[in-house]
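Asks: This is a predicted model, with the sequence first.
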Amino acid sequence: MVSNLYLDFNLLEGKTLSKIKVIKNDPNENDAIIFTITDDEVYMLNHHQDCCESVTIDEVIGDVDDLIGSPIVRATEDTNIDENPGGVEVPEYQDSFTWTFYNIATAKGHVTIRWYGESNGYYSETASFDKIK
């Protein structure tokens, strides 16, 4: 069960992860990242699929194991709707798009989770951060 839809991603700051699961390119599930906190709280970063859009994890940069067992010192969300990141191959035609970068840092390392969303301009192109009960 999902509660508190669309939480601020930075609420992870100060928490310690005991587990992280990346679901990407699974034909039976939407892309998602599941964060389990040491006090058994569980959060999910995913997209609530609607009609005419696609929102997927484009790339995970860094080693997610660096996020386990050390307090999170930084958790930020940044978006870009004006230009595509350098070096990224994108469709020839994009009606509307959003790149969202989730940056997480601990004393052990840093990870960036890059999401790509595209639509005809009338649908959500971003992931949401939810608490799972």
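Replies: Structure's in. What do you need? Numbers count the residues shown, from 1 in each chain.
Asks: could you measure the residue most central in space within the chain against residue 7, distance?
Replies: Nearest to the mean C-alpha position of the chain, counting by CA atoms, centre = their mean, stands residue 45 at 4.8 Å. Noted for residue 45: a distance of 10 Å to residue 7, by CB to CB, to the nearest Å. Backbone N, C-alpha and C define where each C-beta goes, glycine included.
Asks: Overlap of the contact sets of these two?
Replies: 129, 130 (CB atoms under 8 Å, 6 or more residues apart in numbering).
Asks: how many neighbours does the residue lying closest to residue 97 once chain neighbours are set aside have?
Replies: With CB to CB, 6 or more residues apart in numbering as the criterion, residue 97 has its nearest non-adjacent residue at 4.5 Å, and that residue is residue 118. The number of residues packed around residue 118, counting by other CB atoms under 10 Å, is 21.
Asks: buried residues in the helix or strand where residue 118 lies?
Replies: Using DSSP states H and E, residue 118 maps to strand 109-119. Neighbour-count burial for strand 109-119 flags 111, 113, 114, 115, 116, 117, 118, 119 (criterion: 16 or more other CB atoms under 10 Å).
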